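In: need the 3D shape of this:
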Amino acid sequence: MAFFSRTREDIANARKHDPAARSAFEVSVAYSGLHAVWSYRVAHRMWRAGLKTPARFLSQFTRFLTGIEIHPGATIGRRFFIDHGMGVVIGETAWVGDDVLLYHGVTLGGRGSGHGKRHPTIESGVTIGAGAKVLGAITIGTRTVIGANAVVVHDAPADSVLTGVPARARPRSGHEAIAGDEWIDPAIYI
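Out: Just a heads-up that it's a prediction; the model follows:
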């Protein structure tokens, strides 16, 4: 039962974030970002059950089908949406909270070659723009917006905007919402 309620929640979330989404049916069959997340959830359960090699095979097959690579060891919360998706990479020790939105070409990548935490922690409500790279065992605070093509290598406080290479944080103002929605368009920070 939880599987079906989560699936409906994912579809509703995709429709909320993508103005091009015309129906729940279209979203469920044509959105590769959603397919990658659903496959990740299966692979993550396999990973946690000790079936690490089959979980990696599933994640790599999903990468082949969708162009989105999510390591089965990553931890991802609810209502996670990848819009367009191609080229997204999420590393093994990444932790992603609820209500996070990623655009295409985003990397949640590692720094270092050790076996500990190497990938970022993305807290709830974060939006990450196309092409952004978030690298290392850093923490991005809640409701932060990362602009397109930013390269983030340091922690960021909640309610901030990160832009540039390397990215610098500034406080978010109230004008970032688009048309009064809670949806944030990271392209406004280019």
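In: buried set for stretch 104-111?
Out: For stretch 104-111, the neighbour count (16 or more other Cβ atoms under 10 Å) marks His104, Gly105, Val106, Thr107, Leu108, Gly109, Gly110 as buried. Placement of C-beta: from N, CA and C, glycine included.
In: the closest residue to Gly85 other than its chain neighbours in helix, strand or coil?
Out: Counting by Cβ to Cβ, 6 or more residues apart in numbering, the nearest residue to Gly85 once its immediate chain neighbours are dropped is Gly33, at 3.9 Å. Following DSSP: H, G, I helix; E, B strand; the rest coil, the label given to Gly33 is helix.
In: show me what contacts Gly33?
Out: Ala14, Thr66, Ile68, Phe81, Ile82, Asp83, His84, Gly85, Val88, Leu102 (Cβ atoms under 8 Å, 6 or more residues apart in numbering).
In: which of these fall in strands?
Out: Of the contacts of Gly33, the ones assigned to strands by DSSP state E are Phe81, Ile82, Asp83, Leu102.
In: what are the ranges of the helices in this protein?
Out: Listed in chain order, the helices of the chain (DSSP state H) span 2-17, 24-30, 32-48, 52-66.
In: out of those, which is the most enclosed?
Out: Ranked by mean neighbour count under mean count of other Cβ atoms under 10 Å, the helices of the chain are led by helix 32-48, which reaches a mean of 20.
In: now do the lowest-mean-pLDDT helix or strand in the chain: distance to the chain's middle.
Out: For the chain, the helix or strand with the lowest mean confidence is helix 2-17, at a mean of 86 (criterion: mean pLDDT, DSSP states H and E). Centroid separation for helix 2-17 versus its chain: 15 Å, with Cα atoms, centre = their mean, to the nearest Å.
In: now do it and helix 32-48, the angle between them.
Out: Interaxial angle, helix 2-17 versus helix 32-48 (axes from the mean of the first three to the mean of the last three Cα atoms, to 10 degrees): 150 degrees.
In: which helices and strands does helix 2-17 pack with?
Out: Applying 3 or more Cβ pairs under 8 Å, 6 or more residues apart in numbering; DSSP states H and E, one finds that helix 2-17 contacts helix 24-30, helix 32-48, strand 81-83.
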